[in-house]
Each structure stands twice: as structure tokens, then as C-alpha cells.
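S.K.: Turn this into a model:
(one chain, ligands or ions: 1)
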Amino acid sequence: MPEPVDDECRCEEMREHLYEFLDSEMSGSDLARLRRHIEECPTCREATDVETHIRMLLRRSCREVAPSTLRLRVITQIGVLRAGGHLR
Ligand SMILES: [Zn+2]
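M.R.: Numbers count the residues shown, from 1 in each chain. Okay, the predicted model is just below:
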């Protein structure tokens, strides 16, 4: 079976580049191609929606958790640095 020789974006490619697509870490033409595919392909559109939703939830929960965790980490690090005498 020969490979189809069109530049149509396929679901495989979409799945492979889903994260780059969502992070907009792709070249403009690839981004446009995948965007076009999403418009025509309900499966990939759904996958993108789900991933976007998950990211939104993660971001929200991170914002709630981050300050105390980050503070703790910074405090611990300062303690380690002082103990090791690296702050001279
Ligand atoms: Zn698709």
C-alpha cells in the first residue's frame, strides 16, 4: 500500500503533536494545518478539547497549591545553602 501523497493532516499526526499544538510550539504552517484538521475531524477536536480542559484544571489547582509549596521549597533551599556555607 503506497502512502497517500497529500499534505492533509491525519489523526496520527494530530495526536503526535497535540502538546506542541496546544503550546503553539509549531511553525505557522503546521499549526494552521492541524487547526484545519481539527475543524474537520470531530475525534481530534474532542481530544484537543479534553486536553485543553485538563490543562485548565491543572493550572487552576496549581495556582492554589503553588504558593505554599514554593515557599517551603525556597525556605528549604535557603536552609541547605546556609548549612553548606554556599552563601558566602
Ligand atoms: Zn483527526
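
S.K.: and the helix or strand containing residue 53, how far out from the chain's middle?
M.R.: Assessed by DSSP states H and E, residue 53 sits inside helix 42-84. For helix 42-84, the distance from its own C-alpha centre to the chain's C-alpha centre is 12 Å (C-alpha atoms, centre = their mean, to the nearest Å).

S.K.: That one packs against which elements?
M.R.: Under the contact definition 3 or more C-beta pairs under 8 Å, 6 or more residues apart in numbering; DSSP states H and E, helix 42-84 sits against helix 11-16, helix 18-22, helix 28-40. (Each C-beta comes from the backbone N, C-alpha and C, glycine too.)

S.K.: wait, which of those is closest to the ion?
M.R.: Set against the ion and scored by C-beta to the ion, these come closest in helix 11-16, at 3.3 Å.

S.K.: what's next to the closest one, contact-wise?
M.R.: 21, 34, 37, 38, 41, 43, 44, 47, 48 (C-beta atoms under 8 Å, 6 or more residues apart in numbering).
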